[in-house]
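Participant: The amino acid sequence is not available; the structure is as follows:
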Ligand code: IYR
């Protein structure tokens, strides 16, 4: 390695049996997560959101530039502004504006088993919306003048850690991606070198919440892994 500042790194050494048991226990927990589209207005403590974003912010990133920003929306006015703009885009996407759906027939057919449409009441009902932005530029200084690296990969990993932490706290999440979502930059007051990536909707499931049966079908290990 080239000369650089370095600190010792160790992990507690687990016996194999305990490593396996811990990995399986966490996998079992994470497999219970569902994308929830029916939220109650029951509050979620701000500290839960802070902890989840802290976890997300510890994700690995290109050159450790941490090219993300999390805009946390809790005010009813801003949630309403996001809902109105998102539903306007979704009406164009699903074709409920009198014109052809932007989505196209194949995409709409793929969404059929999920039962989604242009109505997004959860954007107002859920207590928190975390709008995730990717910083295409900005480096550590966040001034928009220097290059970032592997931005999509870094932000994707951070979002996974965000979802996992929220799930562990017993709250429901939805990754929502209205398309296009440039309006989020305006509503959240973010600079033009940041790209909105997704809205993570956070709250408790409504008492009568359901999930599409289709969402429970996960590919088995044999199908998603190969061993070389
Ligand atoms: N953004 C739309 C459509 C949508 C697209 C995909 I790919 C999904 O997995 C789910 C929805 C919506 O939120 O309805």
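Facilitator: On my side now, so go ahead. All values reported here derive from a predicted model rather than from experimental measurement. Numbers count the residues shown, from 1 in each chain.

Participant: give me the residue from this structure nearest the ligand.
Facilitator: Here the chain gets closest to the ligand at one residue, residue 116, 3.8 Å apart by Cβ to the nearest ligand atom. From N, CA and C alone the C-beta is placed, and that goes for glycine too.

Participant: Burial check on the closest residue to that residue other than its chain neighbours, number of neighbours?
Facilitator: When the adjacent residues along the chain are set aside, residue 116 lies closest to residue 37, with 7.3 Å between them (Cβ to Cβ, 6 or more residues apart in numbering). Counted with other Cβ atoms under 10 Å, the neighbours of residue 37 add up to 23.

Participant: what sits against residue 37?
Facilitator: Under the criterion of Cβ atoms under 8 Å, 6 or more residues apart in numbering, the contact list for residue 37 reads 116, 122, 174, 209, 211.

Participant: That one in helix, strand or coil?
Facilitator: The three-state label for residue 37, taken from DSSP: H, G, I helix; E, B strand; the rest coil, comes out as coil.

Participant: Got phi/psi on it?
Facilitator: Note on residue 37: its backbone torsions stand at phi -110, psi 10 [degrees, to the nearest 10].

Participant: Quick check: residues of this structure near the ligand?
Facilitator: Within reach of the ligand by Cβ under 6 Å from any ligand atom, the chain has these residues: 90, 93, 111, 114, 116, 176-179.

Participant: Check which helices and strands the biggest strand by length in the chain is in contact with.
Facilitator: Counting residues, the longest strand in the chain under DSSP state E turns out to be strand 194-203. Packing contacts for strand 194-203, counted by 3 or more Cβ pairs under 8 Å, 6 or more residues apart in numbering; DSSP states H and E, involve helix 122-125, strand 128-135, helix 151-168, strand 172-176, helix 183-188.

Participant: for the third one, the distance to its chain's centre please.
Facilitator: Just to be clear, that refers to helix 151-168. In this view, helix 151-168 has its centroid 6 Å away from the chain centroid, taken as Cα atoms, centre = their mean, to the nearest Å.

Participant: avg pLDDT for it?
Facilitator: The predicted model gives helix 151-168 an average pLDDT of 98.

Participant: Thank you kindly, that will do.
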